[in-house]
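A.B. asks: One predicted model, sequence on top.
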Amino acid sequence: MPTAPSPFTLDKDIAVPVRDGTVLRADVFRPSSPGRYPVIMTHGPYGKDIHFEDFNAGAYSIIDEHGPYMNWETVNPEWWVPQGYVVIRVDQRGTGHSPGRMALIGRQEWEDHYDAIEWAGVQTWSNGNVGLLGISYYAIGQWHVAAMQPPHLSAIVPWEGAVDIYRDWSHHGGILSNGFADDWWPRQITGNQSALPPGADNPGKAVDGNADLLQEFRDHSLFDAYYADRQADLTRIRVPVLSAGNWTSYALHLRGNIEGFMGAGTQHKWLEIHDGNHFTPFYTEEGRLYQKRFLDCWLKGDQRAWHDEPPVKLFIRDSHGGGQFRAESAWPLERTQWTTFYLDAHSGRLDTQSPEQPGSVSYPAPEGSATFLTAPFKEDVEVTGPSALHVWVAADAEDMDLFVTLINIDANGKEVTFEDASGIGNRGPVVKGWLRVSHRALDEARSLPYRPFHAHTERELLEPNEPVLASVEIMPTSMVFAEGHRLGVVIQAADRNDPTRFLHNDPQDRAETLFRGTNTVHTGGDMDSYLLLPVIPATD
C-alpha cells in the first residue's frame, strides 16, 4: 500500500505487545493534527497490508467505496480519519506481519485482541475509547473479546458476525457445514500465514501450514469441550452493541447477530438487519453514516447522534426483490401472531387446519424431497421473525438429515429467488433450516416453540421406520408474500441445487451407509406435523 498523504499520519508495523511477550504488528492511521481521538480497531487474519482489490477483486468492483487504503471487511481510513477517528488494523498472531503460531477462533486470539485494545486505549493520540467495527471474521471476535471486558473497550459493531461456532458455523443442526470451510480456509487464511513452509530457508515446522480447521470440525461433531471453550458469555457484555445482520446470511452469521443481541448483558443494544450481499451494505454511504452516528455517541460522547434510534431496525423484504426499513421496539416483534400451518401428506398442502386423516409421504435419501404449499394468499402476508418446523419423521436407515427450505411461489407457479450472501450474483430461497435427526434432543431450558435449541451433546440413532418428533430451527427471515403467491416448505435429505458455498456434502460426515434409504414424513392424527410462522398483521 502507498505511503499515506496528509491529513493522515500512517504509522506502519507498530509494535503491539501482548501478555506472553509476543509483539503483534499494527498499522495506525491517525489525524495529522495533534489531539486525542477515539479508536476504531480490527484484529484478524486477512492481512492489513493486502489491498481489498487484491484480496477479492469481484467484491471490490461492486462496493461503493474505493481508494488506496481499502482492506477486506475493514473500514476505509480515508473516510473515517477525517471524521475524527484513529483507525488501527492489527495482524492477528501468526498472520501477516505478526509472528507466532496462528491461533484462530479461540482464547489465544481473544486475549491478544484484549491486549491490543488496552494498548490502544493508553496511547498519546487516544482519548481512551476504543470501538470495534468490521465485517464477518472481524465481527465474530467482537462478541468474545467484549465478554472479557477490556476496560478501554467502549462499543462494538459486529457487522454480520456469528456467535456460536458450532450452531452458526461448523454444524447446521448437527450437520457439518463443510462447503464454506473447504473454500474459505485455503483461499483466505493459509496464504497469509506469517512464516515460510518447511524448507531450506526454514527447516522447522510451518507456523500454521499444518493446521486444518475443517478437520477440527470433523473431529468434534458434537458440542463438546472444543466448542464450549469457544463460547462467549454474552451476559458479560457491558458495552453498547450495534448488532447488524443480513437476512441472506442465514447460513453463517444471521443467527449470531440475533442471538448476540438477545443475549448481550448491556442495556444499550440495538439490532439492525439489512439484505443484499455480504459486503456491499457496510460500504454504502447509508451504512457508514449509520455506523458513525452510533460511534459518535459512544466513543465521542455525542448523545444527540443516537438518542432517538429504535431498538430494532429491520429491512422488510417484498416478493419482488425490494423492500424498506421499518422501526420496531423488540425482537421477536411484539405484535407477532404465531401461526400454525399443518402439513397434509394427502394433499401436499400447508393449512391452518389440521388434516382430517393421518397420512405419510416418503422419498429416497439422499436424492428425494417432499414439498407442501399453502393456497394462494388472498392478500399480502408478512412473515418476519424466527420459525420452526415440528415434524414426525421415520427412516429405514440409522439416521436422517432434514434440509428444510421456505420458498415463495408466484401466481404462475415459479419460485421467486432473492440475492444471497453466499457469493456475488448468487440467488436463493427465502430461508433454510437444518437438523440431523439423531441430534433431535432439545435443551429444554433454552428452547422456545419458535426457536428450538438443540443440545448436540449426544446421538440418538433411529429404529428402522419408527417415527420420532423432530423440531427444526429455521433461521429468522422477513418476507411479504404477495397476494396470489404461495408459501412452501421443502423437506429434503440433502442440499438443494442452489448456487452457494454453504454445502453439506462431506463424505465422512454424511456416509451413505448411515443415511441412504427411504425417509418418511408423517402428518395428521397423533402425528400432526406443522410449521410455526411469525405472521405480522398489517398496520394502518
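C.D. replies: Yep, it's here.

A.B. asks: Only C-alpha atoms from now on, for both contacts and neighbour counts.
C.D. replies: OK.

A.B. asks: My guess is Q231 contacts D164. True?
C.D. replies: Yes. Taking contacts as Cα atoms under 8 Å, Q231 lies within contact range of D164: 6.4 Å.

A.B. asks: neighbour-wise, which of the two wins?
C.D. replies: A direct count of neighbours by other Cα atoms under 10 Å for Q231 and D164 places D164 higher, at 23 against 19.

A.B. asks: Spit out the contact partners of the more buried one.
C.D. replies: Residues counted as contacts of D164 (Cα atoms under 8 Å, 6 or more residues apart in numbering) are Q231, A232, G256.

A.B. asks: Restricted to helices, list these.
C.D. replies: G256 (DSSP state H).

A.B. asks: a markdown table please, covering the contacts of D164 and showing distance to H43 and pLDDT.
C.D. replies: Output for the contacts of D164, formatted as a markdown table (distance: Cα to Cα, whole Å; pLDDT from 0 to 100):
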| residue | distance to H43 | pLDDT |
| --- | --- | --- |
| Q231 | 18 | 96 |
| A232 | 17 | 97 |
| G256 | 19 | 98 |
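
A.B. asks: Switch the contacts of D164 over to CSV, and while doing so, append distance to E118 to every line.
C.D. replies: Output for the contacts of D164, formatted as CSV (distance: Cα to Cα, whole Å):
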residue, distance to E118
Q231, 22
A232, 19
G256, 26
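
A.B. asks: just how off-centre is the helix or strand that contains P158 within its chain?
C.D. replies: Using DSSP states H and E, P158 maps to strand 153-159. Distance of strand 153-159 from its chain centroid, counting by Cα atoms, centre = their mean, to the nearest Å, is 16 Å.

A.B. asks: dump the residue contacts of the closest residue to I273 other than its chain neighbours.
C.D. replies: Nearest in space to I273, with sequence neighbours left out and distances taken as Cα to Cα, 6 or more residues apart in numbering, is G245 at 4.5 Å. The neighbours of G245, taking Cα under 8 Å, 6+ apart as the test, are W159, E160, G161, H253, L254, N257, I258, L271, E272, I273, H274.

A.B. asks: what's the pLDDT at the second one?
C.D. replies: When you say that, I think you mean E160. Looking at E160, its pLDDT is 98.

A.B. asks: For it, list the residues it contacts.
C.D. replies: E160 is in contact with I135, S136, A139, S243, A244, G245, N246, S249, H253, L254, N257, H278, counting by Cα under 8 Å, 6+ apart.

A.B. asks: Need the worst-confidence member of the residues you listed.
C.D. replies: The lowest pLDDT within the contacts of E160 belongs to H278, with 94.

A.B. asks: Listing request: residues of the stretch 101-250 of the chain with sub-threshold pLDDT.
C.D. replies: 195-211 (pLDDT under 70).

A.B. asks: Do I have it right that V521 meets V391?
C.D. replies: Yes. The pair V521 and V391 passes the contact test of Cα under 8 Å, sitting 7.2 Å apart.

A.B. asks: so how far is stretch 163-175 off the chain centroid?
C.D. replies: The chain centroid and the centroid of stretch 163-175 are separated by 10 Å under Cα atoms, centre = their mean.

A.B. asks: repeat for stretch 23-30
C.D. replies: Per Cα atoms, centre = their mean, the centroid offset for stretch 23-30 relative to its chain is 28 Å.

A.B. asks: Contacts made by that stretch with the rest, please.
C.D. replies: 8-18, 48, 77, 81, 85-93, 97-99, 125.

A.B. asks: if you look at these, which of them are in helices?
C.D. replies: Within the contacts of stretch 23-30, residues falling in helices by DSSP H are P77.

A.B. asks: Go ahead and build a ChimeraX selection from the buried members of the contacts of stretch 23-30.
C.D. replies: A single ChimeraX command selects the buried members of the contacts of stretch 23-30 (16 or more other Cα atoms under 10 Å):
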select :8,9,10,12,13,15,16,18,48,77,81,85,86,87,88,89,90,91,92,93,97,98,99,125
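
A.B. asks: Among the contacts of E160, which pair sits farthest apart?
C.D. replies: Farthest apart among the contacts of E160 by Cα to Cα are S243 and H278. That separation is 14.6 Å.

A.B. asks: Compare these two (neighbour count), which wins?
C.D. replies: S243 (27 against 23).

A.B. asks: How about the secondary structure of that one?
C.D. replies: Recorded secondary structure, S243: strand (DSSP: H, G, I helix; E, B strand; the rest coil).

A.B. asks: measure it to P34 for me?
C.D. replies: S243 sits 32 Å away from P34, going by Cα to Cα, to the nearest Å.

A.B. asks: Go through the lowest-mean-pLDDT helix or strand in the chain and flag the buried ones.
C.D. replies: Every helix and strand of the chain was ranked by mean pLDDT, DSSP states H and E. The lowest is helix 512-515, at a mean of 88. For helix 512-515, the neighbour count (16+ other Cα under 10 Å) marks F515 as buried.

A.B. asks: what's next to the following helix or strand past that helix, contact-wise?
C.D. replies: Using DSSP H and E, the helix or strand that follows helix 512-515 in sequence is strand 517-523. Identification of contacts with strand 517-523 by Cα under 8 Å, 6+ apart yields 342-345, 355, 358-366, 391-397, 400, 467, 493, 528-529.

A.B. asks: 7 Å instead, please
C.D. replies: Contacts with strand 517-523, where a contact means Cα atoms under 7 Å, 6 or more residues apart in numbering, come from 343-345, 358-365, 392-397, 529.

A.B. asks: Buried subset of the residues you listed as a PyMOL selection?
C.D. replies: Here is the PyMOL command that selects the buried residues among the contacts of strand 517-523 (16+ other Cα under 10 Å):
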select buried, resi 343+344+345+358+359+360+361+362+363+364+365+392+393+394+395+396+397+529
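
A.B. asks: got the CA coordinates for stretch 503-518 in PDB?
C.D. replies: Provided in PDB are the C-alpha atoms of stretch 503-518 (Å, rounded to 0.1, in the frame of the first residue of the first chain):
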ATOM      1  CA  LEU A 503     -22.800 -27.100   1.200                       C
ATOM      2  CA  HIS A 504     -23.100 -30.100   3.500                       C
ATOM      3  CA  ASN A 505     -21.600 -32.900   1.400                       C
ATOM      4  CA  ASP A 506     -18.600 -34.100   3.300                       C
ATOM      5  CA  PRO A 507     -18.400 -37.900   2.700                       C
ATOM      6  CA  GLN A 508     -17.100 -38.500   6.200                       C
ATOM      7  CA  ASP A 509     -19.900 -36.700   7.900                       C
ATOM      8  CA  ARG A 510     -22.700 -37.900   5.500                       C
ATOM      9  CA  ALA A 511     -21.700 -41.600   4.900                       C
ATOM     10  CA  GLU A 512     -24.100 -43.300   2.600                       C
ATOM     11  CA  THR A 513     -24.200 -46.400   4.800                       C
ATOM     12  CA  LEU A 514     -25.700 -44.300   7.600                       C
ATOM     13  CA  PHE A 515     -28.100 -42.100   5.600                       C
ATOM     14  CA  ARG A 516     -29.100 -43.800   2.300                       C
ATOM     15  CA  GLY A 517     -32.600 -45.300   2.300                       C
ATOM     16  CA  THR A 518     -36.200 -44.100   2.400                       C
END
